[in-house]
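Student: Got a predicted structure plus its sequence, pasted below:
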Amino acid sequence: MSYLSRMEIPANLSTLRRQQARWVCAGTLAAATTLYAASPFCTLWSITSAIRTHDMGSLNTCLKWESVRNGLKTQVVDDLIGPPVADDELPAFGSSFASSAASNAIDEEVRPDKLGMLVDHLMPHEQQPATAGTMLGMLWRVHAHFTHPGVFEASVIMPGHENETPLRLQMRIHAFQWKIHRIDLPTHPPRPLVEASAGPVPQPLTQP
């Protein structure tokens, strides 16, 4: 074996090791991306399971309570008195009182110790046991997608609220765990505005 042939063996081994390292890095990155993309769906499955079995302890760990309360306050106040007025406009009479009353009611009712009553109000508890089939049927009606690499949203038409907007859940990563940061309750969709024309009424054409 010549000197040159002996020198090619370490070079080929070095190239092979570099290729193996690239494949390991690419495989690790692909696996991490897949696990990250699947993680909110796993959390959604856990939330569905907790609702079906009425496991409020597990459901409580999936909620970021302060953020959820703030989102509900915004939604309820907007439904009661409309969106915030412009800086150069005066708020409607009594709007401040209504806003404070709604915020206080949410602070009083939306709490971990009342989570069971809140869930029963949105989805009455069924006596049938939770099975993989029933949970898959419930998840089949859920429309879920990423709106941002760190934001995941799910929406579902709630039973008894078919003519209203879907229930929407927004989840965000918090301490390496997906948590519900915002809940939009079902509401009646806004009615389209009817525009009236102030022009003259068209007259029917007459034959000469």
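Tutor: Thanks, I have the structure now.
Student: next one: stretch 101-115 to chain centre, how far?
Tutor: Between the mean C-alpha point of stretch 101-115 and the mean C-alpha point of its chain there is a distance of 21 Å (C-alpha atoms, centre = their mean, to the nearest Å).
Student: what do you get for stretch 156-167?
Tutor: Counting by C-alpha atoms, centre = their mean, stretch 156-167 is centred 15 Å from the centre of its parent chain.
Student: Sort out which residues of it are buried, please.
Tutor: Judged by neighbour count using 16 or more other C-beta atoms under 10 Å, the buried positions of stretch 156-167 are 156-157, 161, 165-167. For the C-beta atoms, the positions are set from N, CA and C on the backbone; glycine is no exception.
Student: got it, and stretch 111-124?
Tutor: Using 16+ other C-beta under 10 Å as the test for burial, stretch 111-124 gives 115, 119, 123.
Student: residue ranges of the strands in this structure, please?
Tutor: If you assign secondary structure with DSSP state E, the strands in the chain sit at 143-148, 151-156, 167-174, 177-184.
Student: What helices and strands are in contact with the last one?
Tutor: Under the contact criterion of 3 or more C-beta pairs under 8 Å, 6 or more residues apart in numbering; DSSP states H and E, the helices and strands touching strand 177-184 comprise helix 3-53, helix 65-81, strand 167-174.
Student: hmm, back to that, save the strands of the chain as CSV, and put in mean pLDDT and distance to Leu44 too.
Tutor: Converted to CSV, the strands of the chain look like this (pLDDT from 0 to 100; distance: least, C-beta to C-beta, whole Å):
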stretch, mean pLDDT, distance to Leu44
strand 143-148, 90, 6
strand 151-156, 92, 6
strand 167-174, 91, 8
strand 177-184, 93, 8
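Student: among those, which is nearest Lys64?
Tutor: Ranking these by proximity to Lys64 (C-beta to C-beta) places strand 177-184 first, at 4.5 Å.
Student: buried residues in that closest one?
Tutor: Those would be 178-184, for strand 177-184 by 16+ other C-beta under 10 Å.
Student: With stretch 31-42 instead?
Tutor: By neighbour count with 16+ other C-beta under 10 Å, stretch 31-42 contains the buried residues 39-40.
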